[in-house]
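Undergrad: 3D model of this:
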Amino acid sequence: MSLQDDIQEKRKRISVWIVDDNKSFCVVLTEALNRSNSVICEKYFHSSRMVIEYLETGNHPPQVILLDIKMPGTKGVDAIALLKRIAPSTDIIMLTSYDFDMDIRTSLKRGAAGYLLKSSQPLDIIRAIETVQKGGTPLDPMITQRMTDAYIAGKPESDSYNLSAREREVIRWITQGLNSAEVAQQLSITYNTVETHIKNIFHKLNVSNRHAMVAKAIKERLV
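TA: Numbering: from 1, shown residues only. Prediction:
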């Protein structure tokens, strides 16, 4: 393969940065991601401040950032808004060491595109990166189950949002990480119909994006 072919091949892959204070984790995950055909990890940083300062100097952002939810200094959850302001088109997937983390809902509300356990297999992380680039919301099943169980164990809340049965179905599939095209296939309806349902759900739940919708649906047990 020529140098030009190699450059073209890299451009086809999803560009990813890792932000995590564990240097060994960054090195191991970078090597694993770079062995894939669809993802390339170009850089890693050991603090939120480092990546924010790097972007503020005008450097081109990646398509996806894998962001540790808890780090010394500025926590990942607190860095989301700054990163989205500097690089609004970059998708942020949160990484956590815990299968139940109360900061996850906050992360989704602030614009994170999904969340994964740091113990996830590299193939699962690669699939999550591919999912988010297709408009999906990758959510680790173990974390989702723990969050759902915790709220089910609490006091039941009534649904004051007047969601239709179909709208609940749409939320349920999106909560499982599907994008609009995949939801349409599951429900045997058109893509435009799914998008209309999502628009109506946003209005009823008073949210502005599907990540906030997922966070609210989990919190208030709407699915």
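
Undergrad: Domains in the protein, by residue range?
TA: Following automatic domain parsing, one gets these domains for the chain: 3-139, 155-219.

Undergrad: can you redo these as JSON lines with mean neighbour count and mean pLDDT?
TA: Using the backbone N, CA and C atoms, a C-beta is placed for each residue, glycine as well. What follows is the domains of the chain, written out as JSON lines (neighbours: other CB atoms under 10 Å; pLDDT from 0 to 100):
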{"stretch": "domain 3-139", "mean neighbour count": "18", "mean pLDDT": "88"}
{"stretch": "domain 155-219", "mean neighbour count": "17", "mean pLDDT": "85"}
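
Undergrad: can you list contacts of the longest helix belonging to the chain?
TA: Longest helix of the chain, by residue count under DSSP state H: helix 191-205. Here helix 191-205 makes contact (CB atoms under 8 Å, 6 or more residues apart in numbering) with 161-163, 166-167, 170-171, 174, 180-181, 183-184, 187, 208-210, 212-213, 216-217.

Undergrad: same thing but 10 Å
TA: Under the contact criterion CB atoms under 10 Å, 6 or more residues apart in numbering, helix 191-205 has outside partners 159-164, 166-171, 173-174, 178-187, 189-190, 207-210, 212-213, 216-217, 220, 222.

Undergrad: Sitting in helices, which of those residues do you find?
TA: Those of the contacts of helix 191-205 lying in helices (DSSP H): 166-171, 173-174, 180-187, 210, 212-213, 216-217.
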